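[1] next come a sequence and a model predicted from it.
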Amino acid sequence: MGARPTGDSNTRCDSPRKAGYHNVSTRGGISSEKADFIEHRNCAGDGTGLSAPSASAAPIIRINGTEPAHMVEVLTLDDWSSLGIYGEGDEFKTFCMEWNEYFDSGRTYHADISTVAIRGGESIDDPLDERTAYLYTNYINGQYAGVSEQDIQDAIYYIEGEGGVNNSLVAEATNAVAGGAWSGIGNVRVLNLWRYYDPQTGTYSGWAQDQLVTVGVIPAPGAALLVSVGVVAVNWLRRRKLL
């Protein structure tokens, strides 16, 4: 639901999580917990600057403001080389992923990055929807300069099954995916926020309102499609010339 003006004594804090481990299903013959950890390690080597958390790695951020969009400030990285594309002292705007969880504006949190909202489905983790990734990509790239941030937040909530509003942005994102202009989650990930971290065990606990974050330079939706079309056109012209 976003920021709450008072303390967090009523926030659920009964589910410790091992750093870097998230889902509960299985994928490709291995547990998804292992798959998610592998994904963290893969991201560390793909040029995005995302590092897998270890027993001594727990980046700390401060989140400020209230809905619809709010500011995240990266305070310390510990063993991480960066938090997505952001370094110590960087700030970025983001949106909430979950309606029934909260954060306290001005408070610091431990941060982790994954592809799911922790307990985003109440009792289970909720994978990031590719339509949400499309909207956040457009927002970060300045494509929604004249669009209400509240409309963006409402659309994200709706897409993620958290209430929200089925507005024109939902239709735009749905059409972009259906029409092939956008596929997958690109360089958008979920910023999982935790109130507590035990460096002895590498365990997070006390989950808070998850946010959105980017882990690499984000091309505008449709840009990759345009590039591929351009390559095809050039190859066609070359063949014509040879003929």
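    It's in.

[2] tell me how far Glu98 lies from Ile85.
    Look at Glu98 and Ile85: by Cβ to Cβ, to the nearest Å, they are 23 Å apart. (Glycine included, C-beta is placed from N, CA and C.)

[3] ok, now Tyr158?
    On the measure of Cβ to Cβ, Tyr158 and Ile85 end up 27 Å apart.

[4] by contact count, what packs against the lengthiest strand in the chain?
    Selection of the longest strand in the chain by residue count, based on DSSP state E, yields strand 188-198. Other helices and strands packing on strand 188-198, by 3 or more Cβ pairs under 8 Å, 6 or more residues apart in numbering; DSSP states H and E, are strand 60-64, strand 108-114, strand 116-117, helix 130-140, strand 203-207, strand 211-214.

[5] could you give the angle of that strand to strand 60-64?
    110 degrees (axes from the mean of the first three to the mean of the last three Cα atoms, to 10 degrees).

[6] for strand 188-198, which strands pair with it and how are they oriented?
    Strand 188-198 has the following strand partners under DSSP bridges: strand 108-114 (antiparallel), strand 203-207 (antiparallel), strand 211-214 (antiparallel).

[7] enumerate every residue touching Ile159.
    Taking Cβ atoms under 8 Å, 6 or more residues apart in numbering as the criterion, Ile159 is in contact with Asp129, Arg131, Thr132, Leu135, Val170, Ala173.

[8] closest to Lys93 among those?
    Using Cβ to Cβ, the shortest approach to Lys93 within the contacts of Ile159 belongs to Leu135, at 13.1 Å.

[9] thought the closest one was touching Ile152?
    Yes - contact criterion Cβ atoms under 8 Å: Leu135 and Ile152 qualify, at 6.1 Å.

[10] circling back to that earlier point, worst average pLDDT in the helices and strands packed on strand 188-198?
    Ranked by mean pLDDT, the helices and strands packed on strand 188-198 end with strand 203-207 at the bottom, a mean of 86.
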